[in-house]
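[1] next come a sequence and a model predicted from it.
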Amino acid sequence: MNERDARRALVDAARRLDDAGLNHNSSGNLGVRVGDHVLVTPSGVPAVAMSPDDPVLLTADGVPAHPSQRVPTSEWQLHVEIFRARPHVHAVVHTHSPEASAAATLGRAVPAVHYVVARFGAAELPCAPYATYGSIELARRVASTLGEHGTACLMANHGAIAVGRDLTAATALALDVEWFCGVHRRGRQVGEPVVLDESEIARVAEMFRTYGQPDQWSGSS
Ligand SMILES: [Zn+2]
């Protein structure tokens with residue numbers, strides 16, 4: 001994807017997250033790989049007011065690539081660190097979505113109460129330990145929690161992150177995270193949810209690899 005298309009795609013994805021209720025005002029942020037650079041959403045610009053000129057192009061080390069750009073999201077290190085750690089990840093979506101953020105206040109993983117957890121590349125939805133927003137500590141903790149195969153995690157007392165091969169996949173996964181956290185919360189309200197074991201999640205993960213249409217089979221990371 002060239003830079004111009006990436007700018008448009010980033011704005012479209014930011015608006016979809018707003019429309020779906022996953023982000024609001026200027027909460028959350030997105031990043032997409034453009035060649036060996038990283039394009040991230042600007043700081044403090046609501047999706048509804050964002051134009052394709054607003055996203056900020058950074059080098060792989062996080063240095064602004066153009067003069068006179070907007071200020072990048074305060075959490076740009078999150079994107080740079082994940083793209084550095086995961087060469088096959090091309091899009092990062094960070095949300096402050098209600099269900100995921102509520103689950104993240106508990107500071108622990110959400111167990112496999114639904115087989116959809118297999119989409120997250122682990123047998124649970126993990127939770128990265130808390131660190132101040134925008135800090136390199138937080139970026140490293142999230143990248144470490146995702147590990148080599150994780151596609152999503154909570155961020156303690158903060159929100160959630162989802163990654164994918166493109167913005168469409170990462171955005172869809174962010175929706176899955178939100179739905180999954182809501183299912184867990186509602187299950188806990190009416191009883192003690194049964195947790196699926198790791199072998200079942202591994203079986204479902206294998207099935208997901210060939211779910212849907214063949215052109216969707218390339219996986220999300
Ligand atoms: Zn955040």
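    In hand now; what should we look at?
[2] what about stretch 92-107, average pLDDT?
    In this model, stretch 92-107 carries a mean pLDDT of 98.
[3] C-alpha coordinates for that stretch, PDB please?
    C-alpha atoms of stretch 92-107 as PDB (Å, rounded to 0.1, in the frame of the first residue of the first chain):
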ATOM      1  CA  VAL A  92      -2.100  -2.000  14.900                       C
ATOM      2  CA  VAL A  93      -5.500  -0.900  16.300                       C
ATOM      3  CA  HIS A  94      -5.600   0.500  19.900                       C
ATOM      4  CA  THR A  95      -8.900   1.200  21.500                       C
ATOM      5  CA  HIS A  96     -10.400   2.400  24.800                       C
ATOM      6  CA  SER A  97     -13.500   0.400  24.100                       C
ATOM      7  CA  PRO A  98     -15.900   0.000  27.000                       C
ATOM      8  CA  GLU A  99     -16.000  -3.700  27.600                       C
ATOM      9  CA  ALA A 100     -12.300  -4.300  27.000                       C
ATOM     10  CA  SER A 101     -11.300  -1.300  29.100                       C
ATOM     11  CA  ALA A 102     -13.600  -2.500  31.900                       C
ATOM     12  CA  ALA A 103     -12.000  -6.000  31.700                       C
ATOM     13  CA  ALA A 104      -8.600  -4.400  31.700                       C
ATOM     14  CA  THR A 105      -9.300  -2.700  35.100                       C
ATOM     15  CA  LEU A 106      -9.000  -6.200  36.600                       C
ATOM     16  CA  GLY A 107      -5.400  -6.400  35.400                       C
END
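[4] give the buried residues for it.
    Judged by neighbour count (16 or more other C-beta atoms under 10 Å), stretch 92-107 contains these buried residues: 92-97, 99-101, 103-104. (Each C-beta comes from the backbone N, C-alpha and C, glycine too.)
[5] which strand residues bridge the spatially most central residue of the chain?
    Among the residues of the chain, the one closest to the centroid is residue 162, at 2.0 Å (C-alpha atoms, centre = their mean). Here residue 162 sits in beta bridges with residue 93, residue 152, as judged by DSSP bridges.
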